[in-house]
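A.B. asks: okay, here's the prediction I keep looking at, along with the sequence it came from:
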Amino acid sequence: MFRNIPIVTKNLLIVNFLAFVATWILQQRGIDLTNFGGLHFFMASNFHLYQFVTYMFLHANLTHIFFNMFALWMFGVVVENVWGPKKFLFYYISCGIGAGLMQEVVQLFDFYFRITAQDPSITFTELFAIGQQLSTQLNGWATIGASGAVYAILLAFGMIFPNERIFIFPLPVPIKAKWFVCGYAAIELFSAISSSGDGVAHMAHLGGMLFGFLMIRYWNNHPNSQYNRSSGQAFFDGLKRNFERRHGGNGETNTHMHVEQGGGTSAEDMTYNARKKQNQDEIDAILDKIRKSGYDSLTKEEKQRLFEASKNS
C-alpha cells in the first residue's frame, strides 16, 4: 500500500515520523527540539524565520502526529494525484506558513490584551518595547504541528470534490465533502472563541484553511498562472496517455503488437489487441464522463475501473 502513495505525500509522512522519533530520542537526553524548530512568538528571543517551516514537522505526542498524518494520507493522496507533486508541495508548505502567520497575529493580540489588562494606558506602539524586555519569558509561546497545512489539504479535497461522499466515524451515513469541510471549520471557529488555554492553535488551523481557500480561488481565477485549474484535467489526460502508451497507441489496434511469451499465434494477437482496444474505449468513456459531469458522477464500478487503470499505468 505504501508504495502506491504519491511521492510528496509519502515523503512528508516519512519526514514527519522521523522528526517525531528524533524529538523523542533527544528528549531522553534533555534536548527539546521545540526550542529550535517550534514557531516562537516573533517578540521572543528564540524566534527565527526558518521556524515558519520547521514547526510543521514537529509534534507534541503520538496522538498529535497520528491524527495529522492519517488525515494527510487520507486526503493528500487524492489531492496530489489530481494536482501533481510540485503544485501539491507548494500548496502544503505555503498554507503551513500561512497558518503560522495567523498564529503570530493571534499571539500579538493576546499579548496586547494581557498587557493592557494590567495597565490600560499602554498603547499598541509601546507594546513592542515591552515585548523586547520580556523576550525571554515569551519563549514559552511556541507552536508545533502540521495541522494548519493538513487542514488546508482537507479544504482542497472539499473544493476539488465537493459532492464526493465520505464516511466519517462516528456518523452512521456518508456526508458530502463540502459539508464535512464546513463542519470542521465551524468546529474550529467555535473552539477558538470558546476555548481558552487548551493548548490547541485553533486559529492556526483556520489560517491554513483561509490561505488554502484564497490560493485555490486565485488559481481558478487565473487559469494561465503556473498552478492553474487545468491541473486536475491534466491528471486525467496524463492517465489516458499512460494507458495508451502502455497498451498500444491512441486507442487504435496496434498491428505491430505481438504476444511473444508462449509464441502466440495471429489469432491470439487479434484477441489480445481487441481486448486492449475494449479496455481503452472503457477508459475513454469514463474520462469523457468526468470532463462533462465531474468525478462525482462516476459509479462505484467506474471509479474502481479508473483506479485499476491508474495503478497499472
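C.D. replies: Nice, I can see it.

A.B. asks: how does this structure divide into domains?
C.D. replies: If you go by automatic domain parsing, the domain ranges for the chain are 2-221, 230-312.

A.B. asks: what's the first helix or strand after the helix or strand that contains residue 21?
C.D. replies: In this assignment (DSSP states H and E), residue 21 forms part of helix 7-28. Counting by DSSP H and E, the next helix or strand C-terminal to helix 7-28 is helix 34-37.

A.B. asks: give me the buried positions along that next one.
C.D. replies: 34, 37 (16 or more other C-beta atoms under 10 Å). (Glycine included, C-beta is placed from N, CA and C.)

A.B. asks: so how far is it off the chain centroid?
C.D. replies: Relative to its parent chain, helix 34-37 has a centroid offset of 24 Å by C-alpha atoms, centre = their mean, to the nearest Å.

A.B. asks: can you check stretch 76-87 too?
C.D. replies: 8 Å.

A.B. asks: tell me the mean pLDDT for that stretch?
C.D. replies: Averaged across stretch 76-87, pLDDT comes to 92.

A.B. asks: can you mark which positions in that stretch are buried?
C.D. replies: In stretch 76-87, counting by 16+ other C-beta under 10 Å, buried: 76-84, 87.

A.B. asks: among the domains of the chain, which is the most enclosed?
C.D. replies: Of these, the one with the most neighbours on average (mean count of other C-beta atoms under 10 Å) is domain 2-221, at a mean of 17.

A.B. asks: can you name every helix or strand that the helix holding residue 21 contacts?
C.D. replies: With contacts taken as 3 or more C-beta pairs under 8 Å, 6 or more residues apart in numbering; DSSP states H and E, helix 7-28 sits against helix 62-83, helix 85-118.

A.B. asks: got the angle for the longest one vs helix 7-28?
C.D. replies: Read it as helix 85-118. Here helix 85-118 points in a direction 40 degrees away from that of helix 7-28 (axes from the mean of the first three to the mean of the last three C-alpha atoms, to 10 degrees).

A.B. asks: quick one: whichever helix or strand comes after helix 85-118 to helix 85-118, angle?
C.D. replies: Sequence-wise, the next helix or strand downstream of helix 85-118 (DSSP H and E) is helix 126-133. For helix 126-133 against helix 85-118, the angle by the same axes, to 10 degrees is 100 degrees.

A.B. asks: for the next helix or strand after helix 126-133, packing partners?
C.D. replies: Next helix or strand after helix 126-133 toward the C-terminus (DSSP H and E): strand 142-143. In terms of contacts (3+ C-beta pairs under 8 Å, 6+ apart), strand 142-143 is packed against strand 39-40.

A.B. asks: mean confidence score for the strand it packs on?
C.D. replies: For strand 39-40, mean pLDDT is 95.

A.B. asks: could you give the average pLDDT over the helix holding residue 21?
C.D. replies: 95.

A.B. asks: next one: stretch 99-118
C.D. replies: Average pLDDT, stretch 99-118: 91.

A.B. asks: for the buried residues of stretch 76-87, name the two members farthest from one another.
C.D. replies: 77 and 87 (14.6 Å; C-beta to C-beta).

A.B. asks: least reliable of the domains of the chain going by mean pLDDT?
C.D. replies: Lowest mean pLDDT within the domains of the chain: domain 230-312, a mean of 58.

A.B. asks: dump the helices and strands packed on helix 7-28 to TSV, plus distance to residue 304.
C.D. replies: Below are the helices and strands packed on helix 7-28 laid out as TSV (distance: least, C-beta to C-beta, whole Å):
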stretch	distance to residue 304
helix 62-83	15
helix 85-118	24
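
A.B. asks: out of these, which is closest to residue 218?
C.D. replies: Nearest to residue 218, of all the helices and strands packed on helix 7-28, is helix 85-118, at 11.2 Å by C-beta to C-beta.

A.B. asks: what helices or strands is that closest one leaning on?
C.D. replies: Taking 3+ C-beta pairs under 8 Å, 6+ apart as the contact cut, helix 85-118 packs with helix 7-28, strand 39-40, helix 51-54, helix 62-83, helix 126-133, helix 147-160, helix 202-221.

A.B. asks: adjacent strands (with direction) for the second one?
C.D. replies: Right, the one you point to is strand 39-40. strand 142-143 (antiparallel) (DSSP bridges).

A.B. asks: what residues does the partner strand touch?
C.D. replies: 34-35, 38-41, 46, 55, 100, 103, 201, 204 (C-beta atoms under 8 Å, 6 or more residues apart in numbering).
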